[in-house]
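[1] A structural model of the following input is requested.
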Amino acid sequence: MQKKLLLLSALVFWPSYSSSEETKSIAPYYGYTGNAVADQALQWSMPDLLPQGVPGIDIQNVIYRYTIQKETGEWVTVFVQNERIDGNGYIFRERDDWKPGSIGGQDINKVIPVGDIPRELWGMGSIEVVGEGRVEGANVVYTYKVTPCYDPQYDPNCPGYKKPVPTIIEYDLDDIYDVTKDGDVELNDQAEVQEDADDLEDADGRKEAEMKEDKRSKMRLEDAMAAGETAAYFAENQRISIMNDIAQAALNRSYLNVTIPGGTYNEVINIPDGKMPDANSGARVGLAQQLLHQQMVGMQYNLNNN
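    Have a look, this model is predicted:
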């Protein structure tokens, strides 16, 4: 119970904390790792513990506990440590001396502040035992602070973020691989190259000849079709002309060569002396009409004079 209270007290007084599965954020936040000692090998790799792909991670504290097993008369020294990433010594090393007289089975719990040391400086971690003894139930936890905008390019919302400019690769023609200048490649003489060119030219010539022949075949077919249509048109006109001749001949036989039976019409009216008598009644009517006409003309003349 005392072991759990020690770890919880160290985390409760942190401004805020989260596990290494913290979601993406641009505001600074705090977290802690799981137990670094996954097995009895007592060694661990820091990249396996800390969040990946997030800049600005600083280790702030190392919290550890273990149980020492030793003989009472033995002097045993235990180191909880991390090497420098460049291999030059240790960036963190805490020493526990278990002197003669101390008994085995005792627990130790520690919280060691280390300031804000960037993750990039932390190398392999381990627990080293010097003397006749061993540790059991080891637990090592690192607390850290994350400042994502330590790298302004981490997120467009970070202060100082600059929109990336795409890189345009420029090639120098002199740097382009030329197989003809490669001493490791054996090239045949120019004759083979010319032969390939000739083959290609022949193939192009054959293709062009085939295209021309296809065009001529189409033209011959079109001419034949046109001649056939003309012959059919001529034959149809001939057929119509013959039918018209037959019809006209039949018409002539029916009407033009028919004889209407008859004879001579003799006049039966006889005029004595060959003179037509005057019609006196008609003369009287004509005279009356003449007199009436003269009267009407006279009336019109008199009206115009007045």
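[2] any low-confidence regions in the protein?
    Along the chain, segments meeting pLDDT under 70 span 1-25, 154, 171-198, 251-287, 301-306.
[3] got the phi/psi numbers for the residue lying closest to Ile85 once chain neighbours are set aside?
    Excluding the flanking residues, the one nearest Ile85 by C-beta to C-beta, 6 or more residues apart in numbering is Gly123, at 4.4 Å. (C-beta placed from N, C-alpha, C; glycine too.) Here is the backbone geometry of Gly123 (degrees, to the nearest 10): phi -100, psi -150.
[4] quick one: contacts for Gly123?
    Residues in contact with Gly123 (C-beta atoms under 8 Å, 6 or more residues apart in numbering) are Met46, Asn82, Glu83, Arg84, Ile85, Asp86, Gly87, Ile91.
[5] can you redo those as TSV with secondary structure and distance to Gly56?
    As requested, these are exported to TSV (DSSP: H, G, I helix; E, B strand; the rest coil; distance: C-beta to C-beta, whole Å):
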residue	secondary structure	distance to Gly56
Met46	helix	16
Asn82	strand	19
Glu83	strand	22
Arg84	strand	20
Ile85	coil	17
Asp86	coil	20
Gly87	coil	24
Ile91	strand	18
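[6] can you tell me which of these is nearest Trp98?
    Nearest to Trp98, judged by C-beta to C-beta, of the contacts of Gly123 is Asn82 at 21.4 Å.
[7] beta partners of that closest one?
    Note on Asn82: beta-bridge partners Phe92, Gly125, judged by DSSP bridges.
[8] that one against Met124, yeah?
    Yes - applying C-beta atoms under 8 Å as the test, Asn82 and Met124 come out as touching, 7.0 Å apart.
[9] residues shared between the contacts of the two?
    With C-beta under 8 Å, 6+ apart as the test, Asn82 and Met124 both reach Met46.
[10] neighbour-wise, which of these two wins?
    Asn82 (25 against 14; other C-beta atoms under 10 Å).
[11] for that one, give me its contacts.
    Contact partners of Asn82, counting by C-beta under 8 Å, 6+ apart, are Met46, Tyr90, Ile91, Phe92, Arg93, Trp122, Gly123, Met124, Gly125, Ser126.
[12] domain map for this protein?
    Taking automatic domain parsing as the reference, the chain has its domains at 2-154, 169-251.
[13] just the ones you listed: most buried one?
    Among the domains of the chain, the stretch with the highest mean neighbour count (mean count of other C-beta atoms under 10 Å) is domain 2-154, at a mean of 15.
[14] any idea how far Ile240 is from Thr230?
    As judged by C-beta to C-beta, to the nearest Å, Thr230 and Ile240 stand 16 Å apart.
[15] same question, Leu50
    For Leu50 relative to Ile240 (C-beta to C-beta), the value is 104 Å.
[16] next one: Gln248
    Gln248 is 13 Å from Ile240, by C-beta to C-beta.
[17] again with Pro113
    Look at Pro113 and Ile240: by C-beta to C-beta, they are 121 Å apart.
[18] please apply the same query to Pro28.
    105 Å.
[19] go on, Asn88?
    Note on Asn88: its distance to Ile240, by C-beta to C-beta, is 117 Å.
[20] elements contacting the helix or strand encompassing Ile68?
    For Ile68, the host element (DSSP states H and E) is strand 57-70. Secondary-structure packing of strand 57-70 (3 or more C-beta pairs under 8 Å, 6 or more residues apart in numbering; DSSP states H and E): helix 2-12, strand 76-84, strand 90-98, strand 106-118, strand 133-146.
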